[in-house]
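# sequence first, predicted model second:
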Amino acid sequence: MPIYNLYKEREGTARRGEDYKEVVIEYMEGLNYMVERDSAFHSTLDDIQFVNKATGDKVVAEAKAYSTGLSPNDFRDELARYFLEYIKQPQPHRFDFYIFTETLSNDQLWKALFDRDVTDNQKLVDFYEKLKESVNDEVVDRLDDTDVDEFRDFAIDTHVFVGTYDDLRQQAHQLEKTERFQYEPYLHSYEPVSEETEYATNLFQVTRYPETLYIIDTTEEAESARVYNYNNEAFPIKLHERKLYSLVHPDHLPGSTRHYIHEDRFETREFEEFLRTGAQEEERENTVRSLLRGIFTLVARDNDCLIDREKGTTVYPELNRRQHGSERKLGRSWVAKELDSYPDVIHRGVKVRVRRYAEEYYYVLLPTQVFTSDGRRPVTGERKSRLQNDFSPNRFHAQNSKYDRQLRVWEELLMSDQTQLDRFMGEKIPVVKELEVTRVDSLSLNVRPPKDGDERDELIESASDLENTGGIEQ
């Protein structure tokens, strides 16, 4: 086992354990792994289990944010349990064990036990015997059924990574930038496996609609470019044929919008009746989508997010350096932060779409990256292209757990009961409280992608054989 020093000659900043675990996941994703499960072995262990997207190889990782230094003697109980899990697996399917820690103490013991170049066999034997002194009777009984040769195999498959939160984050960004370990399985053609499978989704179903739709007469001067200006670009309104369709009462629209409407000349309809029975199907559909999308952007704006309508609707969190410093976080996850190697800011945004399936409407959120020069204004032109190329997101979309985590961040930011909009605007704009949205956590389909690299290779080989025989199965 090698010991990898990920740090530079500087002191890193200690972070909470959960933050450290989160950046370990980002680093592993940069190495082309995805999270398979979290903390599945034993209640006393905080393991993260990964699978390589290309090969199907398994890695079990433990993240230890020990700023005071981690010694093997501090870690004996956990090592014993991981060792027992390791030897339970059939030999061809055993996992590699990764230990991530901020600093090491007792470096010589680490090297004597786990570094192939300097492994001290006697110290390894002594440490193996000492494992039994630090665990309970049940684990001791299981260790008695093992031998030191098996522990030596475990040591060979153990890897130690030494680096702070900041070191790991920088390494993760570099891996993402270089795409060295990126894997694109869809360069090969093969059929999916016919098997019922549950999938996570990026769908949020509208389960309760706003109550009232206002259809307002506009002035002759009303034009789309004037109505959709900076002040009201986030509002749930839609201009069509001299009528302004709005889910907000005319009195509470921005002044720039009221300038182009007759505030006392409007009719009201039940919104759900309108979306179910509109006279012109296509135009009704476009109007409903615009209005529902407008509620989302309205809530986003009042939670310090920005809206970019250059291509569709993209929403991204603002980075206010006075308020947030160099990084804006929600819970344990960052949503906007300054780049290490550029003067720009990267934001975890979403493209917002509204779709109708089986007569019900859904928000479809597509995670994306936005780059700005100052935390607000998107970069353009050649600089935008360069940043997108350097920090292109992982292209293995079908099984990327990173996307699911980003969606949960947006769910927390925009769809909780504690939004700023609820507190400050709820009474004037009741549509915010009237709308109810529920995430569709899973969707069952009768097809699935390959489980691992071996199955994928079999499917590719089968497709190739069928192609070579002219499409006739032998």
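Arrived safely.
# how about low-confidence regions in the stretch 351-474 of the chain?
Across the stretch 351-474 of the chain, residues meeting the criterion (pLDDT under 70) sit at 392-402, 414-429, 452-453, 460-474.
# make it 80
385-386, 388-406, 408-409, 411-433, 447-474 (pLDDT under 80).
# can you pull out the strands in it?
360-372, 436-439, 442-448 (DSSP state E, counting those that start in this stretch).
# gap between the longest one and the chain center?
Using Cα atoms, centre = their mean, to the nearest Å, the mean C-alpha position of strand 360-372 is found 12 Å from that of the whole chain.
# do the same with the second one
Taking Cα atoms, centre = their mean, the mean C-alpha location of strand 436-439 is offset from the chain mean by 19 Å.
# which other residues reach that strand?
For strand 436-439, contacts defined as Cβ atoms under 8 Å, 6 or more residues apart in numbering pick out 201, 203-208, 363, 407, 411, 415. Backbone N, C-alpha and C define where each C-beta goes, glycine included.
# how does it look with 6 Å?
204-208, 411, 415 (Cβ atoms under 6 Å, 6 or more residues apart in numbering).
# and it, which strands flank it?
strand 203-208 (antiparallel) (DSSP bridges).
# return the set of buried residues in the partner strand.
Within strand 203-208, the residues that count as buried by 16 or more other Cβ atoms under 10 Å are 203-204, 206.
# dump the longest helix belonging to the chain to CSV, restricted to CA.
Secondary structure of the chain per DSSP state H: the longest helix is helix 281-301. This file holds the C-alpha atoms of helix 281-301, laid out as CSV (Å, rounded to 0.1, in the frame of the first residue of the first chain):
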residue,chain,number,x,y,z
GLU,A,281,-54.1,23.6,-26.3
GLU,A,282,-50.6,24.7,-27.4
GLU,A,283,-50.9,28.3,-26.2
ARG,A,284,-52.5,27.2,-22.9
GLU,A,285,-49.6,24.8,-22.4
ASN,A,286,-47.0,27.5,-23.0
THR,A,287,-48.8,29.9,-20.6
VAL,A,288,-49.1,27.4,-17.8
ARG,A,289,-45.5,26.5,-18.1
SER,A,290,-44.4,30.1,-18.0
LEU,A,291,-46.5,30.8,-15.0
LEU,A,292,-45.4,27.8,-13.0
ARG,A,293,-41.8,28.5,-14.0
GLY,A,294,-42.3,32.1,-12.8
ILE,A,295,-43.2,30.9,-9.3
PHE,A,296,-40.0,29.0,-9.1
THR,A,297,-37.9,31.9,-10.2
LEU,A,298,-39.7,34.3,-7.9
VAL,A,299,-38.9,32.1,-4.9
ALA,A,300,-35.3,31.7,-6.1
ARG,A,301,-34.8,35.4,-6.5
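# using the record's assignment, carve this structure into domains.
3-183, 203-440 (automatic domain parsing).
# need these in JSON lines (columns: distance to P450).
Formatted as JSON lines, the domains of the chain follow (distance: least, Cβ to Cβ, whole Å):
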{"stretch": "domain 3-183", "distance to P450": "9"}
{"stretch": "domain 203-440", "distance to P450": "10"}
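# which among the ones you listed is found nearest to V193?
Comparing the domains of the chain against V193 with Cβ to Cβ, the closest turns out to be domain 203-440 (12.7 Å).
# how far off centre is that closest one?
The answer for domain 203-440 is 19 Å, by Cα atoms, centre = their mean.
# if we can go back for a sec, possible to save the buried residues of strand 203-208 as CSV with pLDDT and distance to S333?
Shown next, in CSV, are those (pLDDT from 0 to 100; distance: Cβ to Cβ, whole Å):
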residue, pLDDT, distance to S333
L203, 89, 21
F204, 89, 18
V206, 90, 26
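# and of those residues, the nearest to E273?
Using Cβ to Cβ, these come closest to E273 at V206, 15.1 Å.
# count the residues that sit near R309.
11 (other Cβ atoms under 10 Å).
# re the thing from before, do you know which of the domains of the chain lies nearest D454?
Closest among the domains of the chain, using Cβ to Cβ: domain 3-183, at 5.9 Å.
# re earlier: minimum distance to D457: which of the domains of the chain has it?
Using Cβ to Cβ, the domains of the chain put domain 3-183 closest to D457, at 9.5 Å.
# hey, where'd the helices end up in the stretch 201-350 of the chain?
Secondary structure of the stretch 201-350 of the chain, counting by DSSP state H, counting those that start in this stretch: helices at 224-227, 255-258, 271-277, 281-301, 321-324.
# winner for burial among these?
Compared across those, helix 281-301 shows the largest average neighbour count, a mean of 20 (mean count of other Cβ atoms under 10 Å).
# which one, of the helices of the stretch 201-350 of the chain, ends up nearest to R353?
helix 281-301 (7.7 Å).
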